[in-house]
Every structure is written in structure tokens, then in C-alpha cells.
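Engineer: I'll drop the sequence and a predicted model, then ask my questions.
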Amino acid sequence: MSKNLNLKVSESLFYEFHRVKANLKAGTNQDALMKMVVIAEKTLQNLKTKKEKDQFLRSLSEESEILEIQN
């Protein structure tokens, strides 16, 4: 079954997604999203404790804020 992720995003996030998509050598947005999910899952699996996972997830929020400020 196919579902539609019809997302409205900021212009900066749109361009950042496509920059990462190119780095991942993903042909489609769906391929890029799947590769990003795999990367996130593997990263979280490599973290041992809940504290490490929480710190990592918090750092993602901080990183996204920095990207928004830069753009």
C-alpha cells in the first residue's frame, strides 16, 4: 500500500534535503528518505544507553536550529 507524505517545509529545509539527497546518491525523494531512515536507525542502534540516545537526539534539534539560522 502506498501512502503520501505531502509535507510543507521551509525553503531552507527543502534545499537542505536535496543537498543531502545528492550526497546520498538517491535517485528519488523516496530513496533519499529511506536511506536517511536507515542511517538514523543504525546510529541509534550503535548508542548503548538511553542517556546517549537522548543526547544524540537533542544534538539533532540543536543542529537543525543552527541550519535554520544559517539559512
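Structural biologist: Looks like it came in fine.

Engineer: Can you name every helix or strand that the helix or strand where Ser59 lies contacts?
Structural biologist: In this assignment (DSSP states H and E), Ser59 forms part of helix 50-70. On a contact count with 3 or more C-beta pairs under 8 Å, 6 or more residues apart in numbering; DSSP states H and E, helix 50-70 meets helix 11-23, helix 29-46. C-beta coordinates here come from the backbone N, C-alpha and C atoms, glycine included.

Engineer: Just put these in a markdown table and tack on mean pLDDT, distance to Glu65 and mean neighbour count.
Structural biologist: Formatted as a markdown table, the helices and strands packed on helix 50-70 follow (pLDDT from 0 to 100; distance: least, C-beta to C-beta, whole Å; neighbours: other C-beta atoms under 10 Å):
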| stretch | mean pLDDT | distance to Glu65 | mean neighbour count |
| --- | --- | --- | --- |
| helix 11-23 | 92 | 12 | 13 |
| helix 29-46 | 94 | 18 | 12 |
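
Engineer: can I get these in JSON lines with distance to Leu57?
Structural biologist: Formatted as JSON lines, these follow (distance: least, C-beta to C-beta, whole Å):
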{"stretch": "helix 11-23", "distance to Leu57": "18"}
{"stretch": "helix 29-46", "distance to Leu57": "8"}
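
Engineer: Of all the ones you listed, which one comes closest to Asn4?
Structural biologist: Evaluated over these, closeness to Asn4 peaks at helix 29-46, with 10.9 Å, by C-beta to C-beta.

Engineer: name the helices or strands packed onto the closest one?
Structural biologist: Secondary elements touching helix 29-46 (3+ C-beta pairs under 8 Å, 6+ apart): helix 11-23, helix 50-70.

Engineer: which one of those helices lies closest to Leu44?
Structural biologist: That would be helix 50-70 among those, by C-beta to C-beta, at 6.0 Å.

Engineer: contact partners of that closest one?
Structural biologist: With C-beta atoms under 8 Å, 6 or more residues apart in numbering as the test, helix 50-70 has contacts from Ser10, Ser12, Glu16, Thr43, Leu44, Leu47.
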